[in-house]
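Student: just to be clear, the model below is a prediction. Sequence and coordinates:
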Amino acid sequence: MTDFLPTQPYKGSRDFYPEDKRVHDFIFAKCREVVQRYGYREYDGPILEPFELYAAKSGEEIVNTQLYSFTDRGDRRVAIRPEMTPTLARMVAAKFQELPKPIRWFSVPNLWRYERPQRGRLREHWQLNVDLLGGDRGLADLEIVQIAVALLSNFGAPKQSFEIRVNHRGLVDALFREELKLEPAAALKLVKLVDAKAKMKPEAYAAGLLTLGLDEKAQARLDAFFALRLENLASEFPGPASAELGTLLQTLGDLGLSEAVRLDTTIMRGLDYYTGLVFEAFDLNPENNRALFGGGRYDNLIGLFGKQSLSGVGFGMGDVTLRNFLEGHRLLPEFSSFADVFVTCPSRNELEAALAISAELRGAGLRVVDALSFEGFGAQLKSAAKQGCVFAVLLGEDEIRRGVLAVKDLRSGQQFEVERRGLAGRLQQSLRPAL
């Protein structure tokens, strides 16, 4: 018995058949529209990086349990990138003096993390990364949150379909380290515990708090912090963190975005490098009520490569959760055809004319599919429909002799004649609503 190779992709990855690739390209084309309107420039980097880059810059969970790494033939330990921010920091540090500030960059990298595949989370995904380095902290934070709202709105998402929830790691530090007297390692564990609370059973969360030494009084203070409202922010936590966050939310309200953005002190963001604003976008669809993407401010990444220092803020939005959001709210469009025209060729006698017509139509900017077999019109029309064409040009000897061409609209089934010289213009005119 022959053992055939499997047809399924590697677990946690996907095949993109043409229909899926079209959706994928559409999603990131819409994302590019928004970030480029804000003046962001696209960059990219290698999918392989030195292992040390992530050991120094990524969260402990990523490095210890999710990183794909190996030793290459030169005995160098390398890793497949699980996130893009370390590459960004390395690239900026390498040309720090040359780059105009502030730096507005975005990328759409392919990323890998070894984790259990589930709805909204795969081992391989593509992610829009948007980062702003330099500039006034408050203005930069404001711009990044505006972009996050604009990205979802650009797909036609109404404001009541999503929500951007913001917090500040300065508030978290003030509570965890100053009031609860947690050591940095324990504080980080608590950040990650709270970050994972929505995915945990209540008893598991409570047990985690006890493990960290939080008694009933400490837990009550934690609950009060999570119930904190914007109007009480400055009085409960006076200082730069509450001032930054209060100003941000006030300005967003003045811009008419208060329905889309609100304070949520449970937002922690588990990665170690966040130092200021942190936020997450949530899908409000009851069937997919989960975080879509998130990000925040990081002040110390560039300094790991040298003496330079440049504060940054940004976020990453993955394609898996975004597509789930768009499908859940029926925001994906009905796509037009894959090709415009199918040129038939029932016999070798019409081949020269068929190829000339195809070349002319392509020169006019139309997408043209040639018949690759000599068959009757019935078989070729079926092929044209399966290949997603809008029109089929029927090359008959009589029509060619009269200087006209028969064209069939595969959408309606109607057939009409066009003068040979006016074919491209007539088809372009007819295609405009469908393009």
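Tutor: Sure, I can see it.

Student: ok, Glu397 touching Pro346?
Tutor: No: using Cβ atoms under 8 Å, Glu397 is not in contact with Pro346; the gap is 9.0 Å. (Each C-beta comes from the backbone N, C-alpha and C, glycine too.)

Student: tell me the spacing between Leu152 and Phe162.
Tutor: 5 Å (Cβ to Cβ, to the nearest Å).

Student: neighbour count: the two, which is higher?
Tutor: Using other Cβ atoms under 10 Å, the more surrounded residue of Leu152 and Phe162 is Leu152, with 27 against 21.

Student: for the more buried one, pull up the helix or strand it's in.
Tutor: Using DSSP states H and E, Leu152 maps to helix 137-153.

Student: next: Asp340.
Tutor: Secondary structure assigned from DSSP H and E places Asp340 in strand 339-343.

Student: and that strand, what does it pack onto?
Tutor: Helices and strands touching strand 339-343, by 3 or more Cβ pairs under 8 Å, 6 or more residues apart in numbering; DSSP states H and E, are helix 351-363, strand 368-370, helix 377-386, strand 389-394, helix 423-431.

Student: which of the ones you listed is buried the deepest?
Tutor: Greatest average neighbour count among the helices and strands packed on strand 339-343 goes to strand 389-394 (a mean of 24), per mean count of other Cβ atoms under 10 Å.

Student: which neighbouring elements make contact with that one?
Tutor: Looks like strand 389-394 contacts strand 339-343, helix 377-386, strand 404-409, helix 423-431 (3+ Cβ pairs under 8 Å, 6+ apart).

Student: report the next helix or strand after that strand in sequence order.
Tutor: Using DSSP H and E, the helix or strand that directly follows strand 389-394 along the chain is helix 397-402.

Student: just give me the longest strand of the chain.
Tutor: strand 124-133 (DSSP state E).

Student: partners of it, with directions?
Tutor: strand 103-107 (antiparallel), strand 110-112 (antiparallel), strand 312-318 (antiparallel) (DSSP bridges).

Student: roughly how far is the longest one from the heart of the chain?
Tutor: What that stands for is strand 312-318. In this view, strand 312-318 has its centroid 10 Å away from the chain centroid, taken as Cα atoms, centre = their mean, to the nearest Å.

Student: can you show me the strands along the stretch 1-150 of the chain?
Tutor: Assigned by DSSP state E, counting those that start in this stretch, the stretch 1-150 of the chain shows strands spanning 41-42, 48-50, 68-71, 77-80, 103-107, 110-112, 124-133.

Student: contacting residues around the strand holding Asp340?
Tutor: Residues outside strand 339-343 that contact it (Cβ atoms under 8 Å, 6 or more residues apart in numbering) are 354, 357-358, 361, 366-371, 380-381, 383-384, 387-393, 395, 410, 427, 431.

Student: what about 7 Å?
Tutor: Strand 339-343 is contacted by residues 354, 357-358, 361, 366-371, 384, 387-393, 427, 431 when judged by Cβ atoms under 7 Å, 6 or more residues apart in numbering.

Student: and it, what's buried?
Tutor: By 16 or more other Cβ atoms under 10 Å, the buried positions in strand 339-343 come out as 340-343.

Student: alpha carbons only: can I get that strand in PDB?
Tutor: Taking Å, rounded to 0.1, in the frame of the first residue of the first chain, the C-alpha atoms of strand 339-343 are listed here in PDB:
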ATOM      1  CA  ALA A 339     -11.200  38.100 -14.500                       C
ATOM      2  CA  ASP A 340     -12.900  40.300 -16.900                       C
ATOM      3  CA  VAL A 341     -12.900  38.500 -20.300                       C
ATOM      4  CA  PHE A 342     -12.600  35.000 -21.500                       C
ATOM      5  CA  VAL A 343     -11.500  34.700 -25.200                       C
END
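
Student: about what we covered before: mutual contacts of Leu152 and Phe162, please.
Tutor: Common neighbours of Leu152 and Phe162, using Cβ under 7 Å, 6+ apart, are Ala281.

Student: any idea how far the longest strand of the chain is from the chain center?
Tutor: Counting by Cα atoms, centre = their mean, strand 124-133 comes out at 7 Å from the chain centroid.

Student: what's the average pLDDT for that strand?
Tutor: The average of the pLDDT scores along strand 124-133 is 96.

Student: who's more crowded, Glu397 and Pro346?
Tutor: Between Glu397 and Pro346, Pro346 has the larger neighbour count (other Cβ under 10 Å), namely 20 against 12.

Student: out of the strands paired with strand 124-133, which is closest to Ala196?
Tutor: When these are compared by Cβ to Cβ, strand 312-318 sits nearest Ala196, at 17.6 Å.

Student: what's the closest one in contact with?
Tutor: Against strand 312-318 from outside (Cβ under 7 Å, 6+ apart): 83-84, 125, 127-133, 140-141, 144, 148, 151, 277, 292-298, 301.

Student: in PyMOL, how would I select the buried members of those residues?
Tutor: Selecting only the buried entries of those in PyMOL, with 16+ other Cβ under 10 Å as the criterion:
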select buried, resi 83+84+125+127+128+129+130+131+132+133+140+141+144+148+151+277+292+293+294+295+296+297+298+301
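
Student: now do the SS call for Gly296.
Tutor: strand (DSSP: H, G, I helix; E, B strand; the rest coil).

Student: from Leu151, how far off is it?
Tutor: 16 Å.

Student: end-to-end on stretch 244-263?
Tutor: 12 Å (Cα to Cα, to the nearest Å).

Student: just the pLDDT for the closest residue to Ile400 other than its chain neighbours.
Tutor: In this structure, Ile400 finds its nearest non-sequential neighbour in Ala353, 5.8 Å apart by Cβ to Cβ, 6 or more residues apart in numbering. Per-residue confidence at Ala353 stands at 90 (pLDDT).

Student: Trp105 versus Ala353, what's the distance?
Tutor: Here Ala353 is placed at a distance of 51 Å from Trp105 (Cβ to Cβ).

Student: taking strand 404-409 as reference, get the angle to the strand holding Asp340.
Tutor: Inter-element angle recorded for strand 339-343 and strand 404-409: 140 degrees (by axes from the mean of the first three to the mean of the last three Cα atoms, to 10 degrees).

Student: please state the mean pLDDT value computed over strand 339-343.
Tutor: Averaged across strand 339-343, pLDDT comes to 94.

Student: how far off centre is it?
Tutor: 32 Å.

Student: give the pairing partners of that strand; include direction for each.
Tutor: In the sheet, strand 339-343 lines up with strand 368-370 (parallel), strand 389-394 (parallel) (DSSP bridges).
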